[in-house]
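1. just a sequence and a predicted model for now, questions to come.
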Amino acid sequence: MKVFRRILVAAVALTASTGATLAADWTPPGPIKLMIAFRAGGGADTQARLIAEALEAKLGWKFIPEQVTGKGGLNMAAALKDAANDGTAIGMTVTETFGYNMAAAPKAGMKPADFTGLTTTAGFQMGVVAPSSKGWTSFGDMVAAGKGGEQIRFGVMSPKLADLAYLLGKAQGVSLNIVSVRGGKAVMDGVNAGDLDVGFMAGIQAKGVAAGDLVNLASGLSEPLNQTPDAPTLADLGVAFNADGQFVFVGPAGMPEDARTALIDAIAGVVTDDTTKAGGYIKKAFGSAVVISGSDLDAMLQTSYDAAGALLKAASE
């Protein structure tokens, strides 16, 4: 997988250089409103604003960042859905918004086809993380503690992760007290403060793991974690679902192809360039850029939406 990502990034860098002329052929008809589905000051918000800053400097486009948070990105999606589709309104969230979150909220009346996929920027290293102070060095240690009568408080920051935590406990025969909080930082703060025993963290745990203060007990992904490759995946632990996902930029449905191409090439060119602040930040915070764009992204979002029903059904049983 690492090799694939390196090849993918190299290919994007090459196409981005040739795509610079495509970007130059299209000029936004006005300032671009960038709707950010994350709270101000967090890692995702920082990433979005650095990308906008780089594009302003490189292409002269004007961006107006705006926080539109809540409901796992659905509030941002609802605001973006009815915005102008001429390239002057785009949004940044995570792919989970267009998969599980939309499937779990049919009354919101939104589907991936209501949006134009632009590009992903980076994945996240979702781990099941505990403080070293617990003395757990493996997921098996946590399970043993739970079966021994210890109440395990498991922090999650989204409904999908709550379902995954429930299925994880069910597969391992241990009852977990699942605690929902707002954001990955709140999970980490709760774990570090002793208010939570373990929780899902999406890369924010890296420094703590490196320092020995935190332990990745398991990978929440379909593949091992980069930092802790020996930690079991959810599949290894009996759960047929995972928390794979990426940060993603989208626009309203029906965006003209020249605008879509220009935005894709511009964003991909920045995130794959380590010399930019945005590219350097992504490399440091998330390991590497992950670029899935255009029709490939549309197909991935639709597949995620279609598959979400199976997770919802499994978690309801």
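-> Received the coordinates, thanks.
2. spatially, what comes nearest to residue 250 if we skip its sequence neighbours?
-> residue 115 (4.5 Å; CB to CB, 6 or more residues apart in numbering). Every residue, glycine included, has its C-beta placed from N, CA and C.
3. meant to ask about residue 233, not that
-> residue 219 (4.7 Å).
4. near that neighbour, how many other residues are there?
-> When neighbours are counted by other CB atoms under 10 Å, residue 219 registers 28.
5. just to check, it is in contact with residue 231?
-> Yes - counting by CB atoms under 8 Å, residue 231 is a contact partner of residue 219 at 5.3 Å.
6. roughly how far does residue 135 sit from residue 225?
-> Relative to residue 225, residue 135 is positioned 21 Å away (CB to CB, to the nearest Å).
7. more neighbours: those two, which one.
-> Between residue 135 and residue 225, counted using other CB under 10 Å, the more crowded position is residue 225 (23 against 10).
8. correct me, but that one touches residue 215?
-> No - if you go by CB under 8 Å, residue 225 and residue 215 don't touch, sitting 11.4 Å apart.
9. picking that back up, list the backbone torsions phi and psi for the residue nearest to residue 250.
-> Main-chain dihedrals, residue 115, degrees, to the nearest 10: phi -140, psi 160.
10. contacts only, for it.
-> Listed by CB atoms under 8 Å, 6 or more residues apart in numbering, the contact set of residue 115 reads 77, 80, 81, 98, 250, 251, 252, 253, 301.
11. pLDDT wise, what is the first one at?
-> Okay, so that is residue 77. With respect to pLDDT, residue 77 scores 98.
12. now for the host helix or strand of it, which elements pack on it?
-> Secondary structure from DSSP states H and E places residue 77 in helix 74-81. Applying 3 or more CB pairs under 8 Å, 6 or more residues apart in numbering; DSSP states H and E, one finds that helix 74-81 contacts strand 32-36, strand 89-94, helix 100-103, strand 115-123, strand 246-252.
13. let me have these in JSON lines, extended by mean pLDDT and distance to residue 188.
-> As requested, these are arranged in JSON lines below (pLDDT from 0 to 100; distance: least, CB to CB, whole Å):
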{"stretch": "strand 32-36", "mean pLDDT": "98", "distance to residue 188": "21"}
{"stretch": "strand 89-94", "mean pLDDT": "98", "distance to residue 188": "17"}
{"stretch": "helix 100-103", "mean pLDDT": "96", "distance to residue 188": "22"}
{"stretch": "strand 115-123", "mean pLDDT": "97", "distance to residue 188": "18"}
{"stretch": "strand 246-252", "mean pLDDT": "97", "distance to residue 188": "18"}
